[in-house]
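Q: How does the following fold in three dimensions:
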Amino acid sequence: MPADQPLVVISRSGSKRWISAADTAAGKVGLRVGMPASKAQAIVANLNMIDADPVADAAALERLALWALRRYSPVVAVDCADGIVMDTEGADHLQGGEELLISGIVNGLRGKGLTARAAVADTWGAAHALARLTPAETIVVPVGGVTKAVIGLPIHCLRLPPDTIQGLRVLGVETVGELSAMPRAPLALRFGPEVGRRLDQLFGRIAEPIQPLRTPELVEVSRNFQEPIGAPETIAKYVRQLVGQLTAKLEERGLGVRRSDLVIHRVDNTRQSVRAGLQKPVRDPTRLSKLLCDRIETIDPGFGIEKIVLVAVMAEPLEEMQIASSLVEEEVVDVTPLIDILGNRGQRLYRMTPAASDVPERSVKRIRPTADETGADWAVKWPRPSRLLAHPEKIEVTALLPDQPPAVFTWRGKRRRVTRADGPERIFGEWWTRPKEMQAVRDYFVVEDEQGERYWVYRAGDGVDLETGSHHWFIHGVFG
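A: Predicted coordinates for the structure are as follows:
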């Protein structure tokens, strides 16, 4: 079906049929959610309509929530019939912060063919409203900024029953700000306590805990306390006990943990969480305990902790490796424990490996720190600088064209006289990658100045034909 042809989803109740979802093309021709199906058919001839399947939609949404649980946050749940809510505290640092976290979620869903909007706020209610009622694809509300962000939103963002919304509109109330300014007693008398409760949840005056999604395949252990605990050493003690129980369960299933979540239930009905990720499946209690206990200092016990839950949200088969006997003992150095420690502190780790390209900036790529060796190597015989600049920087040069190296060049405001030079090394454009590079060339030189500093510079073009490049000069690297 063409992308510009309107598509709507039709729900029904008895003889009533209405639009429950519409794509962008449908919105452009005036079709809206809630519109009767007969009216939509009158507006658009031969309208593409599919029947709603709430059961299948709910199952698909739960699969998405499980995907988010394993990848992004320890506390994830389904939010109404069209959304996912998650508590990102304790996990956003692993994604580089809140901005990168939600942009990663939106981009990840786009890769699955889904359009999404995401919002981060102090409260579930605020995030729910902003994700649905603001045009921005992603929005992050600063801490303490909920009131300013939601005060002008329409009242239907409060997750109130339709008849309550209609009753409030009869009174002339249209926005959250107008509703929050009204006296509570008359509202409660007419509409019940739900209006006040939703307002308090929106502004964070009362807690709205998220009940995390759990499925049978998740391995989980927990500990309840008759008397609340709060001391770091006490928390660490019970965390180690739970790790021992979790690894025992994993061993029964032949699994190792790749990602584990420690969820702290406080007596004030709020939760905190700590996420630990590992490069490879692990079932070592000592190693897993260290990763979790290292982050206990980030836990605020408040008035006390009444329950601790430890979940292996991502587990993979783990095969025991037998060390082969040998006449010569070989020391095997495993750096993955160090990588796990640094990664769980928010460091984004990677390795560089050669890539098949003659263009210097394309000749390397990032891979996971524990990825298998690719076996690739750089085939060039010419020397390469120890430091390659992220982007070539333009320099002012005095040189004879077409083949002579620079005699003098100015870089970052400093004039340098060249005493030695080697080159040119000609690198051709990769026309099979970018058609515009069909004629492009670069001529590289290794140059040394009067202070003995060595640089890698190039001229864009062959020095004769402007179709091969601009003939401007650039510095691309520095030799150590």
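Q: residue contacts, Glu227?
A: Glu227 makes contact with Gly304 under the criterion C-beta atoms under 8 Å, 6 or more residues apart in numbering. Placement of C-beta: from N, CA and C, glycine included.
Q: buried ones in the helix or strand it falls within?
A: Taking DSSP states H and E as the criterion, the element that holds Glu227 is strand 219-229. For strand 219-229, the neighbour count (16 or more other C-beta atoms under 10 Å) marks Val219, Glu220, Val221, Arg223, Ile229 as buried.
Q: show me what contacts the third one?
A: By C-beta under 8 Å, 6+ apart, Val221 lies in contact with Leu242, Gln245, Leu246, Lys249, Val309, Leu310.
Q: Likewise for the first one?
A: Remark: with contacts taken as C-beta under 8 Å, 6+ apart, Val219 is in contact with Leu246, Lys249, Leu250, Arg253, Leu255, Val257, Val311, Ala312, Ala315.
Q: Grab the nearest non-local neighbour of the fifth one.
A: If you skip the residues right next to it in sequence, Leu255 has Ala315 as its closest partner in space, 4.2 Å away by C-beta to C-beta, 6 or more residues apart in numbering.
Q: what's around the one you found, how many residues?
A: The number of residues packed near Ala315 is 24, by other C-beta atoms under 10 Å.
Q: for Ser386, same thing?
A: Quick note: Ser386 (other C-beta under 10 Å) scores 11 neighbours.
Q: likewise Leu179?
A: Applying the criterion other C-beta under 10 Å, we find 21 residues in the vicinity of Leu179.
Q: Kindly confirm my reading that Gln211 forms part of a helix.
A: No - with DSSP: H, G, I helix; E, B strand; the rest coil as the criterion, Gln211 is coil rather than part of a helix.
Q: In this structure it contacts Val76, no?
A: No - under the contact definition of C-beta atoms under 8 Å, Gln211 does not touch Val76, with a separation of 10.1 Å.
Q: what about the two, which has more around it?
A: Using other C-beta under 10 Å as the criterion, Gln211 and Val76 rank with Val76 on top: 25 against 9.
Q: Three-state assignment for that one, please.
A: Taking three-state DSSP as the rule, one finds Val76 in the strand state.
Q: Same check on the one 5 residues further on?
A: Assigned by three-state DSSP, the conformation of Ala81 is coil.
Q: quick one, what contacts it?
A: Pro54, Asp57, Ala58, Leu61.
Q: Taking the residues you listed, please make a PyMOL selection of just the buried ones.
A: Buried subset of the contacts of Ala81, written as a PyMOL selection, criterion 16+ other C-beta under 10 Å:
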select buried, resi 61
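Q: Keep only those of the contacts of Ala81 that are in helices.
A: Among the contacts of Ala81, the members falling in helices are Pro54, Asp57, Ala58, Leu61 (criterion: DSSP state H).
Q: Next one: the closest residue to the second one other than its chain neighbours, what pLDDT does it get?
A: In space, Asp57 comes closest to Ala81 once its chain neighbours are excluded; the distance is 6.8 Å by C-beta to C-beta, 6+ apart. Model confidence at Ala81, expressed as pLDDT, equals 85.
Q: if I look at Ser15, how far off is Ala52?
A: Ser15 is 16 Å from Ala52, where distance means C-beta to C-beta, to the nearest Å.
Q: Which one's more surrounded, those two?
A: Ala52 (17 against 5).
Q: Now do the buried residues in the strand or helix carrying Ile475.
A: Assignment of secondary structure by DSSP H and E places Ile475 within strand 473-478. When burial is assessed from 16+ other C-beta under 10 Å, strand 473-478 yields the following buried residues: Trp473, Phe474, Ile475, His476, Gly477.
Q: average model confidence for that strand?
A: Over the span of strand 473-478, the pLDDT mean works out to 96.
Q: Does Asp51 touch Ile10 like I think?
A: Yes - proximity of Asp51 to Ile10 meets the contact threshold set by C-beta under 8 Å, at 5.8 Å.
Q: between those two, who's got more neighbours?
A: Taking Asp51 and Ile10 together and counting by other C-beta under 10 Å, Ile10 has the greater number of neighbours (18 against 10).
Q: Dig out what that one forms beta bridges with.
A: Each beta-bridge partner of Ile10 is listed here: Ile19, Asp51, as defined by DSSP bridges.
Q: And the pLDDT at it?
A: Note on Ile10: pLDDT of 93.
Q: Compute the distance between Thr215 and Ala59, please.
A: With C-beta to C-beta as the criterion, Thr215 and Ala59 are 12 Å apart.
Q: Asp403 is in contact with Pro424, isn't it?
A: Yes - counting by C-beta under 8 Å, Asp403 does reach Pro424; the two are 6.3 Å apart.
Q: Are there residues contacting both of the two? Which ones?
A: Between them, Asp403 and Pro424 share the neighbouring residues Asp443, with contact defined by C-beta under 8 Å, 6+ apart.
Q: any idea how far the residue nearest to Asp57 is from Ser222?
A: Taking C-beta to C-beta as the measure, Ala81 and Ser222 are separated by 30 Å.
Q: Also Ala58?
A: With distances taken as C-beta to C-beta, Ala58 is found 27 Å from Ser222.
Q: swap in Pro161?
A: According to C-beta to C-beta, Pro161 and Ser222 sit 35 Å apart.
Q: And for Gly83?
A: Per C-beta to C-beta, Gly83 is found 27 Å from Ser222.
Q: One more: Ser357?
A: Counting by C-beta to C-beta, the separation of Ser357 from Ser222 is 52 Å.
Q: Sweet, I'm off.
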